[in-house]
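In: Using only what follows, build the 3D model:
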Amino acid sequence: MTRKSIALILSLGVAASPAWADDPIATDRPDFVESSQTVGLGRWQIETSVAWEEDEDGAFEASAFSTPTLLRYGFAEHWELRFETDGFINAELRGPGLRVDEDGVADLAVGLKYHVPGSGENGGPSMAWLMHVDLDTGSSAFRGDGARPSLRLVAEWELPNDMSLGVMPGVIYDNGDDGRYTAGIFGIVVGKGWTDRFRTFAELAMPQIASSSDGGTQAALDLGGAYLINNNTQWDFAGSVGLNNRTPDLGLTTGLSIRW
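Out: Got it, this is the predicted structure:
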């Protein structure tokens, strides 16, 4: 597809946009902390990407390529239905005399987001609840064990100088080698808007806080940004560095989000 064709498609998208498209798209990626906003009644939004991560442990090196995707539908003004997956995965493990290569698809998570009406007013945080359940629907190499429900609360503050702060505590009921266990979730992100179209962020992401017998705590430092192509289309990018040996050493992602 030529650049002229892409520009034409984007301009047609703006011309055909209804009145609600005057509000810029609010996405849940590329940072770990989710947005407190829902897409709105009757709206669809897809957030798709490619991601790569690498981890070294002594003489062994593991890497994975995936296509994380989130589909959101607003079935009420403050509620949305969500379908999320890491998509197609290619994973490799390399070491002395060893090379394992696996292809397949990741599990599907189904969830709901509820934006708390009136939150965000009078200087208070904008808040939302997210309820998900990960289902064992993926390929055998990447399939989890049973249904894994989770609950998260997001709170976002608008700060002076086009800054923002978001926190996301949560809990997940997961399944490990020794059976079911409960783990914590936590993220904190600071964002900065540089123009009406470009923003950056830095965050601490902890997708699992658990004892060593349940897989231990994972923690990463994430840095990235997003560019608003038009009010319904966003391009983003991010990188992450693992902060302990239970977290991949390095991760990179770039994605595109579209609302209609």
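
In: out of everything not next to it in sequence, what's closest to the residue nearest the centre of the chain?
Out: With the centre of the chain defined as its mean C-alpha position, the nearest residue by C-alpha atoms, centre = their mean is Arg29, 4.5 Å away. The spatial neighbour of Arg29 that comes closest, neighbours along the chain excluded (C-beta to C-beta, 6 or more residues apart in numbering), is Glu47 at 5.0 Å. Bear in mind the C-beta positions are built from the backbone N, C-alpha and C, glycine included.

In: Neighbours of that neighbour, how many?
Out: 22 (other C-beta atoms under 10 Å).

In: so who does it touch?
Out: Contact analysis of Glu47 by C-beta atoms under 8 Å, 6 or more residues apart in numbering lists 27-29, 69-72, 255-257.

In: quick one: buried residues of stretch 94-114?
Out: Neighbour counts over stretch 94-114 (16 or more other C-beta atoms under 10 Å) mark 105-111, 113 as buried.

In: ranges for the strands of the stretch 151-260 of the chain?
Out: Along the stretch 151-260 of the chain, counting by DSSP state E, counting those that start in this stretch, strands occupy 163-176, 179-193, 198-209, 218-230, 233-242, 250-259.

In: got the ones you listed as a markdown table, with distance to Val100, mean neighbour count and mean pLDDT columns?
Out: Formatted as a markdown table, the strands of the stretch 151-260 of the chain follow (distance: least, C-beta to C-beta, whole Å; neighbours: other C-beta atoms under 10 Å; pLDDT from 0 to 100):
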| stretch | distance to Val100 | mean neighbour count | mean pLDDT |
| --- | --- | --- | --- |
| strand 163-176 | 22 | 18 | 95 |
| strand 179-193 | 27 | 17 | 96 |
| strand 198-209 | 24 | 18 | 98 |
| strand 218-230 | 22 | 18 | 97 |
| strand 233-242 | 21 | 19 | 98 |
| strand 250-259 | 20 | 19 | 98 |
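
In: Which among these is found nearest to Phe88?
Out: Checking those against Phe88 by C-beta to C-beta gives strand 250-259 as the closest, at 14.3 Å.

In: The one helix or strand Glu47 maps to versus strand 218-230: what angle between them?
Out: Element membership of Glu47, judged by DSSP states H and E, is strand 44-57. Direction vectors for strand 44-57 and strand 218-230, defined by axes from the mean of the first three to the mean of the last three C-alpha atoms, to 10 degrees, enclose an angle of 140 degrees.
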